[in-house]
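Visitor: Model the structure of this input:
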Amino acid sequence: MYIQAFIFAGLVCLICQVVLDNTTLTPGHITSSVTVIGALLSFFGIYDKIVACFGAGATVLIANFGHMLYSAGLAGYEESGILGLFSNMLCSSGIAIVSVVVFSFVFTLIFKAKD
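Guide: Numbers count the residues shown, from 1 in each chain. Here you go, the predicted model:
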């Protein structure tokens with residue numbers, strides 16, 4: 001299972017690196033695109049199968065953030081309608097957003113940026 005997870009995550013990173021090196025897309029474009037692809041795969045019911053097959057190799061990727069947003073939004077919509085869509089999406093993804101901000105701040109205190 002560990003080897004499958006490593007190979008899958010590495011393959012996705014390889015594809016993104018090849019796209020970055022051979023196009024004029026920026027890292028922000030690629031990150032946004034992969035997030036949207038994760039949400040689309042979740043919409044079509046494919047991302048859950050990918051997670052079942054590759055485990056953590058699929059959950060550590062930025063595509064999982066799109067999957068998480070879609071899944072939380074759908075659950076909130078089914079529970080409370082249109083307002084539940086937005087509130088549940090923000091509640092479920094809030095931990096990911098907050099952890100990125102906190103870890104980014106901590107690492108800027110520890111490390112010095114290269115000029």
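
Visitor: worst-scoring helix or strand of the protein, pLDDT-wise?
Guide: Sorting the helices and strands of the chain by mean pLDDT, DSSP states H and E puts helix 82-110 at the bottom, at a mean of 84.

Visitor: how distant is that helix from the center of its chain?
Guide: Helix 82-110 sits 12 Å away from the centroid of its parent chain (Cα atoms, centre = their mean, to the nearest Å).

Visitor: what does stretch 70-86 give?
Guide: 19 Å.

Visitor: List the buried residues for it?
Guide: By neighbour count with 16 or more other Cβ atoms under 10 Å, stretch 70-86 contains the buried residues 70-74, 76-77, 84-85. All C-beta spots, glycine's among them, are computed from the backbone N, C-alpha and C.

Visitor: Could you measure from residue 46 over to residue 83?
Guide: 28 Å (Cβ to Cβ, to the nearest Å).

Visitor: hang on, I meant residue 21
Guide: From residue 21 to residue 83 the distance is 43 Å (Cβ to Cβ).

Visitor: mind listing the helices for the chain?
Guide: 2-22, 27-43, 47-54, 56-59, 63-80, 82-110 (DSSP state H).

Visitor: elements contacting the longest one?
Guide: It stands for helix 82-110. Secondary-structure packing of helix 82-110 (3 or more Cβ pairs under 8 Å, 6 or more residues apart in numbering; DSSP states H and E): helix 63-80.
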